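Enquirer: Return a 3D structure for these sequence lines:
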Amino acid sequence: MSAEESMQKAEEILNRLDEVRARLDATEDPDEAIAIVTELGEIAKDVESEISRAKREAEADATS
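Expert: Residues are numbered from 1 along each chain as shown. Got it, this is the predicted structure:
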């Protein structure tokens, strides 16, 4: 996967993050809010992984 593809995937995950955050804003159910916050944490980890992958790919491309 290229650095550009990794960044594109990170952007897609960020969009998903925004959608889930909007669900959190809309809920008044404490149990649902807890589940959504957990989901947000998982999505944030996905974003971090993709950004790290993109950085590694960019560094590899730069040294090639």
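Enquirer: So Ala22 versus Ser6, what's the distance?
Expert: 25 Å (C-beta to C-beta, to the nearest Å). Quick note: C-beta positions are derived from backbone N, CA and C, even for glycine.
Enquirer: who has more neighbours, the two?
Expert: Ser6 (20 against 11; other C-beta atoms under 10 Å).
Enquirer: Quick one: residues contacting that one.
Expert: Residues near Ser6 by C-beta atoms under 8 Å, 6 or more residues apart in numbering: Glu50, Ile51, Arg53, Ala54, Glu57.
Enquirer: Next: Ile43.
Expert: Contacts of Ile43 (C-beta under 8 Å, 6+ apart): Ile13, Arg16, Leu17, Val20.
Enquirer: Now the buried members of these.
Expert: Neighbour counting by 16 or more other C-beta atoms under 10 Å classes Ile13, Leu17 among the contacts of Ile43 as buried.
Enquirer: Turn the contacts of Ile43 into TSV, including secondary structure.
Expert: Shown next, in TSV, are these (DSSP: H, G, I helix; E, B strand; the rest coil):
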residue	secondary structure
Ile13	helix
Arg16	helix
Leu17	helix
Val20	helix
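Enquirer: What residues sit buried inside the one helix or strand Ile36 maps to?
Expert: Using DSSP states H and E, the element containing Ile36 is helix 30-63. By neighbour count with 16+ other C-beta under 10 Å, helix 30-63 contains the buried residues Ile36, Glu39, Leu40, Ile43, Asp46, Val47, Glu50, Ile51, Arg53, Ala54, Glu57.
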